[in-house]
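**Student:** following is a predicted model, sequence given first.
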Number of protein chains: 2
Amino acid sequence: MDGYDRQLLAALQADADQTAEQLTARVAASPSAIQRRIRRLKETGAIERTVAIASPRALGSPTFLVVSLEVERERPELMAHFRRWLAAEDQIQQAYYVTGNADFVLIVTATDMESYEALMSRMLAENSNVRRYHTNVMLGHVKRGMAIPVPGS
Amino acid sequence: MDGYDRQLLAALQADADQTAEQLTARVAASPSAIQRRIRRLKETGAIERTVAIASPRALGSPTFLVVSLEVERERPELMAHFRRWLAAEDQIQQAYYVTGNADFVLIVTATDMESYEALMSRMLAENSNVRRYHTNVMLGHVKRGMAIPVPGS
DNA sequence: GTTGAAAATAAATCAAC
DNA sequence: GTTGATTTATTTTCAAC
């Protein structure tokens, strides 16, 4: 991971559809070097994956919700079960383990509030260590991304 | 947007590095049809963009924070200013406008707590309508993604 | 790291069904 | 929608510097 790799990560986090040739405009290196490094970044896992960001409108403008929840942490096996449950649910986009009032913060999608409530009921039914949760319905977003800023860029 | 497009969106949200040929395994259509549709999905904006998901470890394991904040909403011009401010800050990955206790939920990255605090100070100094905020430091994540589930898939 | 050429792969375009 | 051929663009690999 040197300056070239960091510049590449910055560029590809913003737009992964650029060709090696186009990237020479942003990364001071030749197409050959760029191609080699991109492959290496993927091999080493510095680039975990490349994904298409879909427009919510194109998929029926689902409801998004921000859920903070508290769990009973005493039983490790229940926590492990809960994490697996979260990972398996497609409607749960993001699941973060946090400090503070809440233990988890989730970003959830649902076609409508009814389906959200069904998901939450199922969550409670299938995870006895979930104590309570608080829902914030998303009204809109200013920004949506996963890009991590790169030091030298 | 028919069944083919939805299947494609589902597949590309998970992995955008698949060739049209590889996609025939998941989308019951020929490579030609798949290529044509992918291009159309990008042109129409159904696919907003394609991005590389970088490993936080590769970028120095930054701290992630979930910030809920309350704003003074009375002055629309201040709100517009705040939204632009959020959009312009690289450290702010996601900014959601929500109902409930908080008005906004942010997902923020910082190299360390000091830089996070500097960002928040600057936020307050440059946005007089931000009333208060509450920080949840992220300890880890179970899941990190932007994929929207697709009805028929 | 670079350039440049060759080979392999994939995408784009088109015709015909 | 499909197949198959063609063209174009990109990636990959390599040699030489």
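**Tutor:** Arrived safely, thanks for sending.
**Student:** now the residue lying farthest from the centre of chain A. Nearest residue, chain neighbours left out?
**Tutor:** Ranked by distance from the centre of chain A (C-alpha atoms, centre = their mean), the top residue is A:Ser30, with 31.5 Å. Leaving aside its sequence neighbours, A:Ser30 sits nearest to A:Thr24 (C-beta to C-beta, 6 or more residues apart in numbering or on different chains; 6.8 Å). C-beta: built from backbone N, CA, C; applies to glycine.
**Student:** check that neighbour and give its pLDDT.
**Tutor:** Note on A:Thr24: pLDDT of 96.
**Student:** got the contact list for it?
**Tutor:** A:30-31, A:34 (C-beta atoms under 8 Å, 6 or more residues apart in numbering or on different chains).
**Student:** buried residues in the longest strand along chain A?
**Tutor:** Ordering each strand of chain A by length in residues (DSSP state E) puts strand A:130-143 first. Within strand A:130-143, the residues that count as buried by 16 or more other C-beta atoms under 10 Å in any protein chain shown are A:130, A:133, A:135-136, A:138, A:141-143.
**Student:** same check on stretch A:52-61?
**Tutor:** Buried residues in stretch A:52-61, counting neighbours by 16+ other C-beta under 10 Å, are found at A:52-56, A:58-59.
**Student:** tell me which parts of chain A are close to DNA strand C?
**Tutor:** Taking C-beta under 7 Å from any atom of the strand as the criterion, the neighbours of DNA strand C within chain A are A:2, A:4, A:28-30, A:32-33, A:36-37.
**Student:** mind checking which of those residues are buried?
**Tutor:** For the residues of chain A next to DNA strand C, a burial check counting by 16+ other C-beta under 10 Å picks out A:29, A:37.
**Student:** and which of the residues of chain A next to DNA strand C is nearest DNA strand D?
**Tutor:** A:Ser32 (4.8 Å; C-beta to the nearest atom of the strand).
**Student:** list the contacts of the closest one.
**Tutor:** Contacts of A:Ser32 by C-beta under 8 Å, 6+ apart are A:Ala20.
**Student:** assumed it was part of a helix.
**Tutor:** Yes: counting by DSSP: H, G, I helix; E, B strand; the rest coil, A:Ser32 is located in a helix.
**Student:** okay, the residue farthest from the centre of chain A and A:Glu21: tell me how far apart.
**Tutor:** According to C-beta to C-beta, to the nearest Å, A:Ser30 and A:Glu21 sit 10 Å apart.
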